[in-house]
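Asks: Model the following, please.
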Amino acid sequence: MNMLYKSLAITISTAALLTTGLAWAETDTANLDISIIIQPACTLDSVDAVTANHPTGTSGAQAQSGQVRVTCNSGHAFKVAMSAGGYANTGQRRVESGGNYINYDLTRSGGATAWGSNGTDADSSMNTANDWNDNGTGSQQLFGYEVAYTLAGSEPAGTYTDAVLVTLEF
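Replies: The predicted model follows:
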């Protein structure tokens, strides 16, 4: 029986030594830093074209409308600016066909406020009061415009065109 106690004592002592040998003597810690950066971003999703087809002899006030679609990060400030177009003359926008011109106005929807500069560039160096300033919502936002013009009824037949540069600044 003495042998059994000696064997049991050796087994317990060995287990105790092995267990204490595996214990951690010291600890050290560090933080795992996590950063998620959302870069400010905006996209000029689309700009509706304005097309009108009038029969010869049409006269009087005419208007066509469309929309500019913009998507920006929520809360991010942006500006939509428009140039005067390629045929502007002394602050008046014009469409052209074979050296013939028809004056037009470009306004925000409703026709009360001119939209864009009276210069040649769509940027802050010109008439910034007519730019559209807003803040993003994270979803697509719509900004309506209207192109208004008056026909005399005697304009030469042709396709009258102009190109207005739309710029999204953010």
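Asks: got a list of what the spatially closest residue to Ala63 that is not a sequence neighbour touches?
Replies: In this structure, Ala63 finds its nearest non-sequential neighbour in Ala148, 4.5 Å apart by C-beta to C-beta, 6 or more residues apart in numbering. C-beta coordinates here come from the backbone N, C-alpha and C atoms, glycine included. Listed by C-beta atoms under 8 Å, 6 or more residues apart in numbering, the contact partners of Ala148 are Ala61, Gln62, Ala63, Tyr104, Asp105, Thr107, Gly111.
Asks: now do Thr113
Replies: Thr107, Asn130.
Asks: where in this structure is pLDDT low?
Replies: Scanning the chain for pLDDT under 70 picks out 1-24, 111, 117-129.
Asks: try it again with 80
Replies: Applying pLDDT under 80 to the chain picks out residues 1-24, 110-112, 116-129.
Asks: could you pull out the strands for it?
Replies: Here the chain has its strands, by DSSP state E, at 42-47, 60-72, 77-82, 93-97, 100-108, 132-135, 140-151, 166-169.
Asks: Residues touching the first one, excluding its own?
Replies: So the one you mean is strand 42-47. Here strand 42-47 has contacts from 66-73, 76, 78, 80, 136, 140, 166, 168, 170, using C-beta under 8 Å, 6+ apart.
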